[in-house]
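Chemist: no sequence on this one, just coordinates:
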């Protein structure tokens, strides 16, 4: 006869924590973490949750072990309440995709909930005015899982129709030049004065926001690291000013065609 | 000598409330609303906040008066703490863009904070597995502010590179056929079995999720209304199953090229 531990039904929550610290985590995410027996994630994301984690099994993982982490989460979730956490939104370059792939392959039947969070695109945009007011695209410059040639085709497609583009993973030690490549593609389609926002460590104490242009990106590339999101405006985007001060980027939605204000 | 009311410094928060009800509103958004003297927004979004609104000036607005609402918010924010709220993320088809445009034009110097929320793309995706695991685009099918021809060019650009696409405003009384147009563009580039998620009233009591394909969209178009988000998979997206059950969509990020699992 199976023991209680073997028959107990588990569950798996794949949780997006949003940007920065506690202030941007949804109540739903906090509640699921509070109820979990196991919490799995990168130390960067787990440490701000510390007060919630007392009495739980906490598994701190490191970057680049996504498949192992997913497998471990699923094994535990067969008979325990498990939360696996990502920064931002778990469904955007987060853990949701790989966890569901491994889950499907395992054949396990487990209750799964994906809990969305504020993704880096929206967090960065909120620090830079309103650059994504209308249509936009999101592209990662990491060529670890997508060949650079494919990324370049996607960049061209987006720039050719002039909608704003959010770049995730704009730079890291392994691929320092992909941002330069992306900017050179942008220059084929968009004017030099197209605004660009560089948002580093959004919603953290050391947050840094630079509003610049495609023409001036070269001198700002040093400000871009792996904790940075870069937003390249579209053909309707412009600098937002308050008096003489540059405050951010506005991408108008077209109200100016319909209204006088 | 100016009175206290005239010299008091105001502030303006443009707040994204996320999807559904209270569980997905960030603590930052709740705190700013709790501290506001004036709260402005659509009744649909204000009603769930009711317990927070006691003792405040509440201005319930209706759809389609965005410029007037922005102007009113800015006038009040010269000397009061004002929060203007949108569903989802205020920076994505929300109030942020138009408020900043009107603010710039007014010449007023006011402290402004845009508070991001979980946008409909991420909310809908979380209910449909992990369709947006990698690069993706967001396009509104509303042709009130963008000509349909421009929307069609953007659709073609996105479909041509095979990344998933999130459709906002897929259907409304004034433009019932734009979704059919979008699907026919998708069919030019993507196979008939490309998965599609229809997510209506995400995170609300009457939430409805349909997982279908481009080929079967015609018979599902009746399920799409103005509270629906539609996600069209990319060329790598596939149906996610648990046993025989269709659970959602997975867009793999390419781990399967690098790992055996």
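Modeler: Here it is on my side, so go on. For clarity, every value in this text was computed on a predicted model and none was experimentally measured.
Chemist: Stretch A:181-195: end-to-end distance?
Modeler: End-to-end distance of stretch A:181-195 (CA to CA, to the nearest Å): 17 Å.
Chemist: From the chain's centroid, how far away is it?
Modeler: 23 Å (CA atoms, centre = their mean, to the nearest Å).
Chemist: List of residues touching that stretch?
Modeler: The contact list for stretch A:181-195 (CB atoms under 8 Å, 6 or more residues apart in numbering or on different chains) reads A:131, A:139, A:141, A:148, A:152, A:155-156, A:159-160, A:162, A:165, A:167, A:170, A:211-215, A:217-218, A:232-235, A:237-239, A:249. Heads up, the C-betas are built off the backbone N, CA and C, glycines and all.
Chemist: Now which of the residues you listed would you call buried?
Modeler: A:131, A:139, A:141, A:152, A:155-156, A:159-160, A:162, A:165, A:167, A:170, A:211-214, A:217, A:232-234, A:237-239, A:249 (16 or more other CB atoms under 10 Å in any protein chain shown).
Chemist: List, out of those, those positioned next to chain B.
Modeler: The residues of the buried ones among the contacts of stretch A:181-195 that also fall near chain B, by CB under 8 Å from any CB of the partner chain, are A:131, A:139, A:160.
Chemist: taking those one by one, which sit in strands?
Modeler: residue A:139 (DSSP state E).
Chemist: Can you tell me which of the ones next to chain B among the buried ones among the contacts of stretch A:181-195 comes closest to chain B?
Modeler: Within these, proximity to chain B (CB to the nearest CB) peaks at residue A:139, which comes in at 4.6 Å.
Chemist: I figured the closest one hits residue A:169, correct?
Modeler: No: at 9.4 Å, residue A:139 does not count as touching residue A:169 under the criterion of CB atoms under 8 Å.
Chemist: all helices of chain A, in order?
Modeler: Counting by DSSP state H, one finds helices in chain A at the ranges A:4-7, A:27-35, A:43-46, A:66-77, A:96-106, A:120-126, A:148-160, A:178-189, A:217-220, A:255-258.
Chemist: What is the least confident helix or strand in chain A?
Modeler: In chain A, no helix or strand scores lower on mean pLDDT, DSSP states H and E than helix A:4-7, which sits at a mean of 50.
Chemist: residues near residue A:144, how many?
Modeler: Neighbours of residue A:144 under the rule other CB atoms under 10 Å in any protein chain shown: 14.
Chemist: Enumerate every residue touching it.
Modeler: residue A:174 are the contacts of residue A:144 under CB under 8 Å, 6+ apart.
Chemist: same check, this time on residue A:76
Modeler: Applying CB under 8 Å, 6+ apart, one finds that residue A:76 lies in contact with A:10, A:38, A:40, A:82.
Chemist: Which two of these have the greatest separation?
Modeler: With CB to CB as the measure, no two of the contacts of residue A:76 lie farther apart than A:10 and A:40, at 13.1 Å.
Chemist: so what sits against both of the two?
Modeler: A:76, A:82.
Chemist: Mind checking which of these two has more residues around it?
Modeler: residue A:40 (25 against 18).
Chemist: what residues are up against the more buried one?
Modeler: A:58, A:59, A:61, A:69, A:72, A:73, A:76, A:82, A:83, A:84, A:85.
Chemist: And for the second one, nearest residue in space, chain neighbours not counted?
Modeler: Just to be clear, that refers to residue A:59. Distances taken as CB to CB, 6 or more residues apart in numbering or on different chains place residue A:40 nearest to residue A:59, at 4.4 Å, with adjacent residues excluded.
Chemist: I'd like the distance between that neighbour and chain B.
Modeler: The gap separating residue A:40 from chain B is 17 Å, by CB to the nearest CB, to the nearest Å.
Chemist: For the residue of the stretch 151-261 of chain A at minimum distance from chain B, give me the pLDDT.
Modeler: Closest contact between the stretch 151-261 of chain A and chain B, by CB to the nearest CB, is at residue A:254 (3.5 Å). If you check residue A:254, the pLDDT there is 73.
Chemist: Look up how far residue B:184 lies from it.
Modeler: 24 Å (CB to CB, to the nearest Å).
Chemist: Please work out how many residues are found near residue A:203.
Modeler: 20.
Chemist: Now do the contacts for it.
Modeler: Residues near residue A:203 by CB under 8 Å, 6+ apart: A:18, A:19, A:20, A:21, A:23, A:24, A:123, A:127.
Chemist: mind running it again at 6 Å?
Modeler: Residue A:203 sits next to A:19, A:20, A:24 when contact means CB atoms under 6 Å, 6 or more residues apart in numbering or on different chains.
Chemist: Please apply the same query to residue A:84.
Modeler: Neighbours of residue A:84 in contact, by CB under 6 Å, 6+ apart: A:14, A:40, A:73, A:95.
Chemist: hmm, 7 Å instead?
Modeler: By CB atoms under 7 Å, 6 or more residues apart in numbering or on different chains, the contact list for residue A:84 reads A:14, A:15, A:40, A:41, A:73, A:95, A:99.
Chemist: Tell me the spacing between the fifth one and residue B:161.
Modeler: Right, residue A:73. Distance from residue A:73 to residue B:161, by CB to CB: 32 Å.
Chemist: quick one: residue A:226 and residue A:172 touch, right?
Modeler: Yes: Residue A:226 lies in contact with residue A:172 (CB atoms under 7 Å); the separation is 4.6 Å.
Chemist: picking that back up, tell me the one of the ones next to chain B among the buried ones among the contacts of stretch A:181-195 nearest residue A:46?
Modeler: residue A:139 (28.3 Å).
Chemist: For burial, what's the neighbour tally of residue A:20?
Modeler: 19.
Chemist: Wait, it touches residue A:202, no?
Modeler: Yes: with contact defined as CB under 7 Å, residue A:20 and residue A:202 form a contacting pair (6.3 Å).
Chemist: List, one by one, the residues from the stretch 101-250 of chain A near chain B.
Modeler: Residues of the stretch 101-250 of chain A found near chain B (CB under 7 Å from any CB of the partner chain) are A:101-102, A:104-105, A:109, A:114-119, A:122-123, A:125-126, A:129-130, A:132-140, A:145-146, A:153-154, A:157-158, A:160-161, A:163, A:240-243, A:250.
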